[in-house]
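Chemist: any chance you could fold what I've pasted below:
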Amino acid sequence: MDVLIKRRKSDGLIKFLRLPPTKTLRAHLFGLTLAVVGAFYTIIFDHTALFQGLPWYASPLVIGIFIFGTYLGGPFVILTAILFVLKDLLPPGPLIFSSLTIIAVWYFIFYAVGAVFPTLYNALAYLNVILCCKKQVQLVFAYDPKKKINIIKSPREIEELAMLEVLKPVIYYARRIRRAGTSSDRQRHAQDLGNLIRQAKSMMSSYDQNHMHELLSEKHINGELDAQIDGLQNMLADGDSRALALMESELEHLLEHYLKRKEQKLYNFHLEALPPAPYTIVLVANPKIKRRSGPVSDPIINDLALFLRSVNNTLYSFEQDEMLGQHEIWSRVRIVTIFDGAAKAPDGTPRTDEELILLNDFHKDVPVQLDVAENVIYPGAQMVQNVQKLLEQNQGDLDGLFSLNQIDVIFAMTASPTQIRHSAYYADFNEELDLSKEPPPQPLNGKEFKYNLDPYQQKGLHIPGAEEIVIPPHIVPSPPAPFPCKAFPYDCLHDHYSAIPGRVALNALSARRHTFIHEFAHAMSSVVRGAICDEYYDKSYLRAGNGSKFLPFFVNRIERVKREEGGVVPTYQFIPVHPVFARYNEVDFLSDWDHPSAEEHWLSYFPDRHSHGETCTMDRTAEPFRFDKLIGRFMYDRMVAKLHRP
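Modeler: Prediction:
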């Protein structure tokens with residue numbers, strides 16, 4: 001993924017452009033390859049002159065030296081470069097040394113040619129993209145550095161204010177007319193929009209011209225099409241709400257088909273019905289980190305370029321995921337960025353350090369194994385409140401387009417040089433709340449789902465005392481049962497709104513493509529309505545407010561019972577992984593027999609992957625990766641429930 005960052009001189013807006021994929025050559029590797037081929041060529045075709053008078057093993061020895069040197073790479077190239085420069089100054093030496101010098105000189109010459117060629121090729125390929133393939137360069141997002149808050153992606157295009165300033169489509173002028181303070185401003189914007197309509201009309205087919213004529217006639221704008229356009233322009237200049245609604249709802253898509261103002265936009269989705277409450281992910285630069293010694297400034301708050309690159313990487317990771325990147329999901333997701341670490345609020349009110357802390361570099365109790373939890377950055381206890389405070393203080397940037405209660409997931413990004421590992425808190429998780437007794441407020445509505453851990457009664461859950469797996473205690477049918485997931489088998493709810501948004505602490509310096517979507521899966525799931533946990537360690541639990549261990553309802557993890565068999569030295573019965581992992585919404589999902597969890601020293605086990613050649617996104621992952629079948633289905637249903645909320 002190659003990106004080009006441009007800042008417009010006129011208004012300072014920053015554009016993130018994504019270049020089309022091009023074949024690039026790696027200069028060093030290409031040079032080494034050509035160099036070793038050149039060395040072999042020299043040895044083969046000048047063998048007699050090079051090795052005359054030398055024993056038979058001299059030739060294989062020299063070949064071995066250059067093969068090993070090529071494996072070393074850079075240091076060996078430097079050595080051959082020194083021999084190339086000093087070849088005429090070296091005193092006469094043994095015959096073998098002279099042969100090595102000659103081959104080394106040719107080795108370096110071939111390396112230099114091999115390194116220069118791909119460098120020139122890559123430069124020409126880049127120039128070709130910039131000069132000749134401009135239509136293939138796509139605009140990922142636009143960013144206004146003068147604003148602390150930017151909505152960079154939204155199903156409602158009217159919310160992408162910086163993008164509108166860059167592209168200036170039809171709805172841009174309609175919005176300017178709505179917000180014009182004086183009649184002269186309205187007339188000027190109406191004139192610009194009228195010229196845009198006439199430009200599109202000159203390119204229209206006769207069929208579309210007749211269609212536009214009918215649309216205008218339905219709004220009682222009579223006459224020939226040119227006269228109708230003049231009448232529409234006059235209505236727009238007067239701020240007529242009917243004319244503006246006509247432009248935004250019906251004419252905009254027709255005109256854009258010919259104007260192609262949004263053709264360069266990467267996320268160019270046309271939705272017939274806009275979601276009333278889009279799924280909202282907030283990406284915020286962390287102003288301060290809380291340490292045991294006191295708060296310190298986060299380096300990312302002084303590095304806008306790093307933050308924006310991390311934002312771009314986040315978008316790329318999301319769009320490439322086969323679940324989140326599906327058109328019906330990704331087109332309805334809103335992305336909001338916050339970059340505000342000022343010591344004073346916009347109204348001049350001083351901010352305390354506590355108001356700027358979103359992340360901690362320590363945790364009062366490590367919730368997982370110590371070998372997994374080193375150098376981790378954690379969401380702060382006041383992250384949600386502080387992010388909401390930043391939104392409230394910068395409402396002018398939002399222009400009334402975004403409600404504070406519509407946050408689903410918060411990504412707080414850091415550039416800490418020491419805490420390079422990431423973490424996430426599930427939605428609805430509250431560190432201060434005793435989740436074993438006090439659940440968060442219940443959702444008003446949502447989409448129901450059923451989850452059965454033992455659909456074939458193979459795990460002993462139907463026989464008291466014979467259970468082979470652990471059921472989270474707060475779901476066992478014993479009063480009181482205040483949680484939204486009813487007694488086993490679970491009858492639960494994909495809530496429309498979470499009581500507390502999911503939170504992610506992410507280091508922008510160490511994050512990879514897998515990191516963003518991995519942490520998102522944690523944060524979008526709910527601690528009380530189905531949590532998605534990691535699959536690379538055995539034990540997983542949370543701490544309740546009273547300090548006791550709390551086992552949530554995990555979607556992708558089942559824990560086997562640790563049953564003693566007795567004896568002088570206690571031994572434990574090994575319970576094999578059960579063939580069927582669980583049944584979700586009447587679909588059976590199998591267990592992963594090839595995961596290390598199937599071995600005797602593990603208690604947990606996990607759902608089956610799509611194939612053995614792909615690891616689960618929630619595991620320690622190398623390419624290729626994807627969510628396993630159960631997680632993918634669960635996440636899709638949860639996203640759909642939230643995308644169709646009122």
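
Chemist: may I see the buried residues of the longest helix along the chain?
Modeler: Ranked by number of residues, the top helix in the chain under DSSP state H is helix 95-132. Applying a neighbour-count criterion of 16 or more other Cβ atoms under 10 Å, one finds 96, 99-112, 114-115, 118, 122, 125, 129 buried in helix 95-132. For every residue, glycine as well, the C-beta is placed using N, CA and C.

Chemist: who's in contact with the very next helix or strand once past that helix?
Modeler: Sequence-wise, the next helix or strand downstream of helix 95-132 (DSSP states H and E) is strand 138-143. Applying Cβ atoms under 8 Å, 6 or more residues apart in numbering, the contact partners of strand 138-143 are 3, 13-18, 150, 152-153, 160, 162-163, 165-167, 264-267, 308, 311-312, 315, 335, 337.

Chemist: buried members of those into PyMOL, please.
Modeler: Here is the PyMOL command that selects the buried residues among the contacts of strand 138-143 (16+ other Cβ under 10 Å):
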select buried, resi 13+14+15+16+17+18+150+152+153+160+162+163+166+167+264+265+267+308+311+312+315+335+337
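
Chemist: one step back: please work out the average pLDDT along the longest helix of the chain.
Modeler: On average, the pLDDT along helix 95-132 is 84.

Chemist: now stretch 621-641
Modeler: Mean predicted confidence for stretch 621-641 is 90.

Chemist: which parts of the stretch 451-600 of the chain are helices?
Modeler: Remark: helices assigned in the stretch 451-600 of the chain by DSSP state H, counting those that start in this stretch are 513-524.

Chemist: Ala200 is in what secondary structure piece?
Modeler: Going by DSSP H and E, Ala200 is part of helix 183-203.

Chemist: for that helix, list the C-alpha coordinates in CSV.
Modeler: Output of helix 183-203 as CSV, limited to C-alpha atoms (Å, rounded to 0.1, in the frame of the first residue of the first chain):
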residue,chain,number,x,y,z
SER,A,183,-28.2,36.9,0.6
SER,A,184,-25.1,37.9,-1.5
ASP,A,185,-23.3,34.7,-0.3
ARG,A,186,-26.4,32.6,-1.2
GLN,A,187,-26.5,34.2,-4.7
ARG,A,188,-22.8,33.5,-5.2
HIS,A,189,-23.1,29.8,-4.2
ALA,A,190,-26.3,29.4,-6.2
GLN,A,191,-24.5,30.8,-9.3
ASP,A,192,-21.7,28.3,-8.8
LEU,A,193,-24.2,25.5,-8.4
GLY,A,194,-26.2,26.7,-11.4
ASN,A,195,-23.0,26.6,-13.6
LEU,A,196,-22.3,23.1,-12.3
ILE,A,197,-25.8,22.0,-13.3
ARG,A,198,-25.4,23.5,-16.8
GLN,A,199,-22.0,21.8,-17.2
ALA,A,200,-23.5,18.4,-16.4
LYS,A,201,-26.5,19.2,-18.7
SER,A,202,-24.2,19.7,-21.7
MET,A,203,-22.8,16.2,-21.2
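
Chemist: which other helices and strands contact it?
Modeler: Contact here means 3 or more Cβ pairs under 8 Å, 6 or more residues apart in numbering; DSSP states H and E; on that basis helix 183-203 packs against helix 170-178, helix 225-237, helix 252-259.

Chemist: elements contacting the longest helix of the chain?
Modeler: Helices and strands touching helix 95-132, by 3+ Cβ pairs under 8 Å, 6+ apart, are helix 27-45, helix 47-51, helix 58-72, helix 74-86.

Chemist: can you give the distance of that helix from its chain's centre?
Modeler: 37 Å (Cα atoms, centre = their mean, to the nearest Å).

Chemist: what angle separates that helix from helix 58-72?
Modeler: Here helix 95-132 runs at an angle of 40 degrees relative to helix 58-72 (axes from the mean of the first three to the mean of the last three Cα atoms, to 10 degrees).

Chemist: hmm, back to that, sitting in helices, which of the contacts of strand 138-143 do you find?
Modeler: Per DSSP H, those map to helices at 162-163, 165-167, 308, 311-312, 315.

Chemist: identify, from the residues you listed, the entry nearest to Tyr258.
Modeler: Nearest to Tyr258 out of the ones in helices among the contacts of strand 138-143 is Leu167 (Cβ to Cβ; 14.9 Å).

Chemist: quick one: secondary structure of the closest residue to the closest one other than its chain neighbours?
Modeler: In space, and not counting its chain neighbours, Leu167 is closest to Arg261: 5.1 Å by Cβ to Cβ, 6 or more residues apart in numbering. Under the three-state scheme (DSSP: H, G, I helix; E, B strand; the rest coil), Arg261 adopts coil.
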